[in-house]
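# Next one to model:
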Amino acid sequence: MTGRPLLAEPRLDRPLRDLMRAGVVAVPGSSSLRTAFCAMRHHGVHAVLVTDYADGRPLGWLTSRALLVHDMTELTLFSAREAIDEPFVELSPSATAGEAIARMRATGAGRVAVRHDGARLPEGVVADLDLIGLLVEHG
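Numbers count the residues shown, from 1 in each chain. As a prediction, the model looks like this:
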């Protein structure tokens, strides 16, 4: 790779509040994988946030990729909590795209939840493809 490092790109100084997709699709951890799949399909997303049933605390992301390891006829036998395949990573709305990329690289996450301190659920999400699009569209 030549030139300046990726994270030195000025366009990566944009705050996540400007890049995030508003809202997050969440399911309780006790939900079946079938319920999680139906939520993904209904909302046109590739991941749902799995939350603790008792207190609503985010536990992690269940992605469509995780559903592929299960026999599709057995989706009612497993809970969303059992199939979480991506960590819950969060940043504040004022964090930058560059910070999001760094956090994704460090954790292996494919998305970052955007959440104010003290808020129970995120107000939005920024996925890896959103950040790649930022670089490609303005490149």
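
# Does the lowest-mean-pLDDT helix or strand in the chain pack against any helices or strands, and if so which?
Averaged element by element with mean pLDDT, DSSP states H and E, the chain has its least confident helix or strand at helix 128-137 (a mean of 88). Where contact means 3 or more CB pairs under 8 Å, 6 or more residues apart in numbering; DSSP states H and E, helix 128-137 is packed against helix 16-19, helix 97-107. Where C-beta positions appear, they are placed from N, C-alpha and C, glycine not excepted.

# between these, which one is nearest to residue 121?
helix 16-19 (15.5 Å; CB to CB).

# Rebuild the helices and strands packed on helix 128-137 as TSV, extending it with mean neighbour count and distance to residue 60.
Formatted as TSV, the helices and strands packed on helix 128-137 follow (neighbours: other CB atoms under 10 Å; distance: least, CB to CB, whole Å):
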stretch	mean neighbour count	distance to residue 60
helix 16-19	18	19
helix 97-107	17	11
